[in-house]
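Chemist: Pasting the sequence and the predicted coordinates here, then a few questions.
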Number of protein chains: 2
Amino acid sequence: MKIISSRQNAWVKRLREAIREHNDEIVIEGPKPVADAVAGGWKPIAIIIPTGQSLLSIPRPEAVPGAMFLQFYPEVYDAVAETRSPQGVIGLFERPRSTMEDVLARRDSIAVALDGVQDPGNVGTIVRLAAAFDASGVLLLPGCADPFAPKAIRASAGAILAVRVAEVTAEELIGAGWPLYAADAGGAPADPPSGDAVLVFGNEGNGVSAEIAAHAQPLAIGMSGRVESLNVASSAAILLARSFALRGF
Amino acid sequence: MKIISSRQNAWVKRLREAIREHNDEIVIEGPKPVADAVAGGWKPIAIIIPTGQSLLSIPRPEAVPGAMFLQFYPEVYDAVAETRSPQGVIGLFERPRSTMEDVLARRDSIAVALDGVQDPGNVGTIVRLAAAFDASGVLLLPGCADPFAPKAIRASAGAILAVRVAEVTAEELIGAGWPLYAADAGGAPADPPSGDAVLVFGNEGNGVSAEIAAHAQPLAIGMSGRVESLNVASSAAILLARSFALRGF
């Protein structure tokens, strides 16, 4: 168990870069989220606790082969941690990468695709909804916020640890040949598909791209005339919950 | 048309206080929101545009009797306005106040009650959903964010201009004698009522208060076991949309 006493240490810099950039390495904080990430198959690079804290709060080393175990002096730990808690644990993980094929492996549910959804809170909320209503995963078309950004991870309330996420181009998604449905307030209100389809949610202001719209069936939510549209996360909540109910749950 | 050239002017201070405090006076920005507020019966105190801008962007004075019309020097206007646009208009309005009786005047729809919903983005999103699914209004139990806070107004996407909002105590709401339903992940999944009921959504972490819970029927949303709960705005989206659909829309 290596002890780190300086904020200038390379591990501290690496953690801060992972929090800021979330490209190849992702920081997860808290005993339950770190344990869930390990259980979910995420590859741990390092597990960090403050010096003086019980080792019982961290996964057993044999459960996370290959991970470094580090103890940070409290002031160093606090310089990295987002929250102060009596049981602080930080995990540095390799960013999980799924492919479109991973997400589209199940035909008994629907997949979610996001097209230019720019707000990380909306992206994280939709990841949480995908888990809640057992979607097969989330496909990210260009222009979306990163679901591994800290704000999106928080909005997902831990669901990012259990949902497959893959980046795709519009060409790849169209080429996969799955029935596409696009949430679109201009379409006719109808129930969403219960399975074997991809449900696409577009940009907060502009909806889905022209390329996707040309290949997707528009799907509206029945509403009063008192508003023009819904927040994209509200639309996703309604359609994913309804699809789940139509699968017989 | 009075011209204001200094940021020290009392009108500037009054607008800033209204933005910060949103107690008795509310600031609304933009030609369409200001026109919608006037059309929705809000009482205007002052209508403000930058000097040099066409008067066509503002309501005609005879349409807003009692309101002051002011022109601010551009640098004074920018010190108050949140967004810079070619058609800037700011309206200062009396805060609209509805009563519980106003909200509960209709029995053909449901009313929404919020209990300790602290995030202004969630409160504003739920106001938007109340309009989208034609709820009769929103009742605010103690501990809620103010729906007239700027962040909540933005999240409502203008719906705050058309939704009745009233503050109530738990005693008043229970005393009104309406059937109460509380969104509660611990209850049995069931369809929400289609009308003649109040649907209560609780605090993001703790749900509804014990007092409300003792008088309300719990109502869960059918979900997979992959998450423990939903964001309160997601729960509201699903239950309000379903209630609207059950009313035959």
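Modeler: Yep, that arrived. Numbers count the residues shown, from 1 in each chain, chains lettered A, B, ... in the order given.
Chemist: Give me the buried positions along stretch A:93-100.
Modeler: Going by neighbour count (16 or more other CB atoms under 10 Å in any protein chain shown), the buried part of stretch A:93-100 is A:Phe93, A:Pro96, A:Ser98, A:Met100. (C-beta placed from N, C-alpha, C; glycine too.)
Chemist: how about those residues in TSV, adding secondary structure and distance to B:Ala166?
Modeler: Shown next, in TSV, are those (DSSP: H, G, I helix; E, B strand; the rest coil; distance: CB to CB, whole Å):
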residue	secondary structure	distance to B:Ala166
A:Phe93	strand	48
A:Pro96	coil	47
A:Ser98	coil	47
A:Met100	helix	49
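Chemist: can you put the residues you listed in a markdown table and add pLDDT?
Modeler: Compiled in a markdown table, these are given as follows (pLDDT from 0 to 100):
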| residue | pLDDT |
| --- | --- |
| A:Phe93 | 97 |
| A:Pro96 | 95 |
| A:Ser98 | 95 |
| A:Met100 | 98 |
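Chemist: With distance to A:Gly248 added, can I get the residues you listed in JSON lines?
Modeler: Below are these laid out as JSON lines (distance: CB to CB, whole Å):
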{"residue": "A:Phe93", "distance to A:Gly248": "36"}
{"residue": "A:Pro96", "distance to A:Gly248": "30"}
{"residue": "A:Ser98", "distance to A:Gly248": "27"}
{"residue": "A:Met100", "distance to A:Gly248": "27"}
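Chemist: near chain B, from these?
Modeler: Counting by CB under 8 Å from any CB of the partner chain, nothing from the buried residues of stretch A:93-100 sits close to chain B.
Chemist: Looking at those, spot the one nearest A:Pro44.
Modeler: Nearest to A:Pro44 among the buried residues of stretch A:93-100: A:Phe93, at 5.5 Å, using CB to CB.
Chemist: mind listing what the nearest residue in space to that closest one that is not next to it in sequence touches?
Modeler: Among residues not flanking A:Phe93 along the chain, A:Trp42 sits closest, at 4.5 Å (CB to CB, 6 or more residues apart in numbering or on different chains). Neighbour list for A:Trp42: A:Ile26, A:Ile28, A:Gly91, A:Phe93, A:Glu94, A:Pro96, A:Leu161 [criterion: CB atoms under 8 Å, 6 or more residues apart in numbering or on different chains].
Chemist: now swap in A:Pro193 and tell me
Modeler: By CB under 8 Å, 6+ apart, A:Pro193 lies in contact with A:Ile110, A:Pro179, A:Tyr181, A:Leu199, A:Ser243, A:Leu246.
Chemist: go on, A:Glu82?
Modeler: Contacts for A:Glu82 (CB under 8 Å, 6+ apart) come out as A:Glu29, A:Pro150.
Chemist: related to what we said a few turns ago, if you look at the contacts of A:Trp42, which of them are in strands?
Modeler: Judged by DSSP state E, the contacts of A:Trp42 include A:Ile26, A:Ile28, A:Gly91, A:Phe93, A:Glu94 as members of strands.
Chemist: For the first one, grab the count of nearby residues.
Modeler: It stands for A:Ile26. Using other CB atoms under 10 Å in any protein chain shown, A:Ile26 has 24 other residues around it.
Chemist: Around chain B, which positions in chain A sit nearby?
Modeler: Near chain B, when you scan chain A using CB under 8 Å from any CB, you find A:121, A:125, A:128-129, A:131-134, A:155, A:157-159, A:162, A:221-224, A:226-227, A:229-231, A:233-235, A:237-238, A:241-242, A:244-245, A:249.
Chemist: ok, of the residues you listed, which come out buried?
Modeler: By 16+ other CB under 10 Å, those give A:121, A:125, A:128-129, A:131-134, A:155, A:157-159, A:162, A:221-223, A:226-227, A:229-231, A:233-235, A:237-238, A:241-242, A:244-245 as buried.
Chemist: Who are the contact partners of the residue nearest to A:Gly186 when sequence neighbours are not counted?
Modeler: Nearest residue to A:Gly186, sequence neighbours excluded (CB to CB, 6+ apart): A:Pro218, at 6.4 Å. The neighbourhood of A:Pro218, defined by CB under 8 Å, 6+ apart, consists of A:Tyr181, A:Ala182, A:Asp184, A:Gly186, A:Gly187, A:Ala188.
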